[in-house]
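Novice: Here is the input, now give the coordinates:
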Amino acid sequence: MNLPVRITVCRDCCCGGPKVTGVDHDAQRARLAQVAPVRISGCLDVCEKANVIVVQPSAAGRAAGGRPVWLGLVNDDEAAEDIAGWVRAGGPGVAPMPAILELYAFSPSRRVRAQV
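Specialist: Here you go, the predicted structure:
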């Protein structure tokens, strides 16, 4: 079974709420849903990085060594568009992450990673 790239979008206490102003959270989710299945999660416990998006590799990407990529502070339309473009190109393990997205990437603790 060839699973596609999947996107997890945190939408709880800080992410997706009024604490992060100037972001159309629904439009962001809808834009990402145009390129991959999107799962809405509860708090991922990295509130200081709100809005948090995790891009999970496809089966092919995982077979090529791709691992989930955590992106924080995704608070503008351009960042969501950069994520959509990377996912369209194949995402983790298949397409190199655009340099601009490296500015958003971070490594959460093992405990936090286990939530996704």
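
Novice: got a list of what N75 touches?
Specialist: Neighbouring residues of N75 by Cβ atoms under 8 Å, 6 or more residues apart in numbering: V20, G22, V23, A50, N51. Yep, even glycine has a C-beta here, placed from its N, CA and C like the rest.

Novice: surely the fourth one meets P18?
Specialist: No: judged on Cβ atoms under 8 Å, A50 makes no contact with P18 at a distance of 11.1 Å.

Novice: Which pair in the contacts of N75 has the greatest spatial separation?
Specialist: Farthest pair in the contacts of N75 (Cβ to Cβ) is G22 and A50. Separation: 12.3 Å.

Novice: Now the top helix by length along the chain - C-alpha only, PDB.
Specialist: Determined from DSSP state H, the single longest helix within the chain is helix 77-89. This file holds the C-alpha atoms of helix 77-89, laid out as PDB (Å, rounded to 0.1, in the frame of the first residue of the first chain):
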ATOM      1  CA  ASP A  77       0.300  32.300   3.700                       C
ATOM      2  CA  GLU A  78       3.700  32.100   2.000                       C
ATOM      3  CA  ALA A  79       4.900  29.400   4.500                       C
ATOM      4  CA  ALA A  80       1.800  27.300   3.900                       C
ATOM      5  CA  GLU A  81       2.400  27.700   0.200                       C
ATOM      6  CA  ASP A  82       6.000  26.600   0.500                       C
ATOM      7  CA  ILE A  83       4.900  23.500   2.500                       C
ATOM      8  CA  ALA A  84       2.200  22.700  -0.200                       C
ATOM      9  CA  GLY A  85       4.900  23.000  -2.900                       C
ATOM     10  CA  TRP A  86       7.200  20.600  -1.100                       C
ATOM     11  CA  VAL A  87       4.500  18.100  -0.500                       C
ATOM     12  CA  ARG A  88       3.400  18.300  -4.100                       C
ATOM     13  CA  ALA A  89       7.100  17.500  -5.100                       C
END
